[in-house]
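In: Predicted model and sequence follow; I will ask about them next.
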Amino acid sequence: MILAINTSTPQFSIAFLQVDGTLEAEYFLSPGSNNFRTFMPALDHLLRAAQITIRDITYLVIGTGPGSFTGLRVGFSVAKGICHGLNVPIIGVSSLEALASQLPLTRYPVCAMLRSRKQEVFTALFEWSSQKKLLRHTNDTCLTFEDLPGFLQKKTLFIGNDFKTQGPLIKNIMGDKALLAAAHLWNLKASALGHIGLKRLNDQNYDHLRDLVPTYLRPPDIRPNLFPPLPRA
């Protein structure tokens with residue numbers, strides 16, 4: 001049984017898949033919440049609802065980001081703890097690649113984006129080959145919306161994680177060069193991570209548990225402490 005985890009977006013998701021790719025169960029937190037304290041209760045609920053025990057897990061796939069700093073730390077802590085305790089392999093998958101894979105076999109380039117800071121997004125460009133393989137055209141990067149016209153050369157299909165906010169900005173800046181995926185697809189699903197991880201699982205191409213780390217791309221937002229500690233007597 002494969003456990004797939006996405007915590008790179010505020011709308012985290014968890015999925016269980018069989019090694020043949022069959023989806024057994026999936027949990028998705030509806031948009032609008034940024035509370036990762038519910039992640040462990042959600043995992044426990046999904047295990048119970050699907051009648052799966054923690055020892056049924058034989059592989060783990062996790063979204064490596066870029067994305068939420070807090071979410072990635074939570075997800076990696078849980079994933080590494082499970083892998084260490086059960087002695088099972090781990091596979092890290094780019095969150096942007098998994099998001100792009102949710103638009104299969106389109107003839108347009110796919111621009112996947114995840115929310116970063118205000119007016120910025122993490123993004124990468126992909127395209128499906130004639131052999132039905134998802135090819136990466138750019139590395140993961142962080143851009144402002146105003147930078148998008150220079151990043152893209154032709155009509156492109158967009159998918160992100162915040163349709164209400166990102167969609168209008170993309171259309172306003174890109175005009176007719178922008179095609180928007182259907183609104184219900186603008187969420188990164190753990191099952192998409194799992195299906196990409198399956199390809200590496202079949203080749204036994206695992207990551208090293210100690211060396212696998214999140215992809216952040218930018219330093220964290222660190223705000224000054226408004227209430228510094230009092231001096232010691």
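Out: Thanks, I have the structure now.
In: Give me the most central residue, this structure.
Out: In the chain, the C-alpha nearest the mean C-alpha coordinate belongs to residue 95, at 3.3 Å (CA atoms, centre = their mean).
In: per-residue confidence at that one?
Out: Per-residue pLDDT puts residue 95 at 98.
In: pretty sure it is in contact with residue 8, am I right?
Out: Yes: counting by CB atoms under 8 Å, residue 8 is a contact partner of residue 95 at 4.2 Å. C-beta coordinates here come from the backbone N, C-alpha and C atoms, glycine included.
In: joint contacts of these two?
Out: Overlap of the contact sets of residue 95 and residue 8 (by CB atoms under 8 Å, 6 or more residues apart in numbering) consists of 63, 64, 65, 66, 67, 114, 188.
In: Out of those residues, which sit inside strands?
Out: The members of the shared contacts of residue 95 and residue 8 that map onto strands under DSSP state E are 63, 114.
In: May I see the domains of the chain written out as residue ranges?
Out: Recorded structural domains for the chain (assignment: automatic domain parsing) are 2-95+188-202, 96-185.
In: now the ones you listed in CSV, with distance to residue 218?
Out: CSV is the format used below for those (distance: least, CB to CB, whole Å):
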stretch, distance to residue 218
domain 2-95+188-202, 8
domain 96-185, 6
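In: if you compare those domains, which one is most tucked away?
Out: domain 2-95+188-202 (a mean of 19; mean count of other CB atoms under 10 Å).
In: Name the residues that touch the top helix by length along the chain?
Out: Ranked by number of residues, the top helix in the chain under DSSP state H is helix 69-86. The contact list for helix 69-86, computed with CB under 8 Å, 6+ apart, reads 3, 5-10, 12, 36, 39-40, 43, 54-55, 57, 60, 62-65, 88-90, 209, 212-214, 216, 220-221.
In: at 7 Å instead, please
Out: 5, 7-10, 12, 36, 39, 55, 57, 60, 62, 65, 90, 209, 214, 216, 220 (CB atoms under 7 Å, 6 or more residues apart in numbering).
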